[in-house]
Structures are given as structure tokens and as C-alpha cells.
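# One predicted model, sequence on top.
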Amino acid sequence: MFPTRPVPGLYTVTAVIAVGYAAFRVFRAVPEIKALKLGRDGERVVGQYLEQLRNKGYQVLHDVMGEGFNIDHVLIGPAGIFTVETKTYSKPARGDARIEFNGDTLRVGAFEPDRNPIIQAKAQASRLRALLLESSGRNFALRPVILFPGWYVEQGKGSTRDIWVLNEKALPKFLEHEERVLEDDDVNLANFHLSR
């Protein structure tokens with residue numbers, strides 16, 4: 001056998017490349033991790049806020065899953081059934097920290113979101129309506145709601161009543177101004193079919 005001599009330069013170069021690659025991957029993952037944490041925190045805030053509506057006759061379901069979709073929260077009560085989508089964005093360090101909604105488009109500060117939350121929320125309500133119809137045989141009316149925790153939401157002239165875009169603290173007032181459309185039996189029926 002031939003004796004081999006250690007080659008520390010090769011090991012050093014290999015280690016530097018491996019550490020550099022790992023640091024690069026971690027550095028690229030940091031913004032994504034921050035966004036995931038922000039979203040998680042926003043969902044928790046909204047979930048805790050919605051839980052307070054139980055004493056007003058509402059059933060609150062979290063993370064309702066269907067085939068190919070997930071709804072953050074579902075609210076079932078006297079004013080109807082609401083799919084609640086939570087959108088959490090960091091507020092700008094400077095400038096206007098407001099959401100503008102005119103019924104069709106949404107602006108978050110100075111920009112429009114890449115993925116339109118209005119389309120997403122309406123699709124979720126439609127899917128949940130179909131799921132309830134298939135499961136219970138009843139065609140319940142549903143209203144999509146998009147909540148932006150911590151943001152001021154300005155309703156423009158074109159705001160419609162078929163979708164609500166709100167701050168989480170405004171939701172109870174909107175619900176109070178709605179007519180009763182579900183009796184307790186309907187609330188329990190919808191809750192039963194969505195809780196299974």
C-alpha cells in the first residue's frame with residue numbers, strides 16, 4: 001500500500017464552498033420565513049377576534065378544508081354564513097398604511113397585490129356553497145369576507161355588498177347591521193355539515 005498524504009487545501013476549499021452554499025440558501029429563505037410568520041400571526045389574531053363572536057350566536061370554524069381548497073375561517077350565525085380570508089401584510093415604514101377597496105380592485109398602500117384576494121375569496125365562498133349543498137341539500141347564501149388585521153380599510157364608492165373587505169375590528173359592526181337570515185336550526189345544520 002502506498003501512503004497518502006493529507007491534502008488540507010482540498011478539504012478547506014470544499015468546506016468553504018459548502019458553508020457558502022448553506023449561507024446562501026439560508027439568506028434566501030429568510031424573507032419567506034418572515035412572510036410565513038406574519039401570515040401565521042395574522043391568522044391567530046383574526047381567529048381570536050372571531051372567537052369573541054360566539055357570545056353573539058355565531059359558530060366559528062377554523063381551517064375548513066375541502067377538495068382542493070382551504071378556508072381560513074368560516075363564521076355561521078344569525079346574519080348568515082361567511083367565508084373569512086385573512087390577508088396579512090407588513091405596513092410600510094413610511095407612507096400610507098391603508099387598504100383601498102372600490103368593489104372591483106384592491107390597493108394595499110401604493111400597490112395592487114400580485115394575486116387578487118377578491119377572486120380567491122369569491123371562489124372559496126362558491127366552493128363552500130357547493131359543499132354545503134352536496135352535504136346538506138340546502139342552498140345557503142354565503143358572503144366572502146377579506147380581513148386585513150391592523151390596517152385601515154377605506155371603502156370606495158363602488159364597494160359592493162357581495163364581498164366585504166374590512167379590518168378585523170369592523171366585522172362585528174357590519175354583522176350587527178345585517179338582517180337575521182338564519183334561524184338557530186339553520187346555524188346548527190350548517191355547522192354540523194362543515195364540522196364533519
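That came through fine. Numbers count the residues shown, from 1 in each chain.

# Point out where the chain drops to low pLDDT.
Scanning the chain for pLDDT under 70 picks out 1-2, 158-160.

# so where do the helices sit in it?
8-51, 117-136, 171-176, 184-195 (DSSP state H).

# could those helices be laid out in JSON lines, adding mean neighbour count and distance to Asn70?
C-beta coordinates here come from the backbone N, C-alpha and C atoms, glycine included. Below are those laid out as JSON lines (neighbours: other CB atoms under 10 Å; distance: least, CB to CB, whole Å):
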{"stretch": "helix 8-51", "mean neighbour count": "12", "distance to Asn70": "11"}
{"stretch": "helix 117-136", "mean neighbour count": "17", "distance to Asn70": "8"}
{"stretch": "helix 171-176", "mean neighbour count": "15", "distance to Asn70": "20"}
{"stretch": "helix 184-195", "mean neighbour count": "16", "distance to Asn70": "13"}
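
# For Val64, find the nearest of those helices.
Closest of the helices of the chain to Val64 is helix 184-195, at 6.0 Å (criterion: CB to CB).

# Export the helices of the chain to JSON lines and append columns for distance to Tyr152.
Listed next are the helices of the chain as JSON lines, based on distance: least, CB to CB, whole Å:
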{"stretch": "helix 8-51", "distance to Tyr152": "15"}
{"stretch": "helix 117-136", "distance to Tyr152": "17"}
{"stretch": "helix 171-176", "distance to Tyr152": "14"}
{"stretch": "helix 184-195", "distance to Tyr152": "31"}
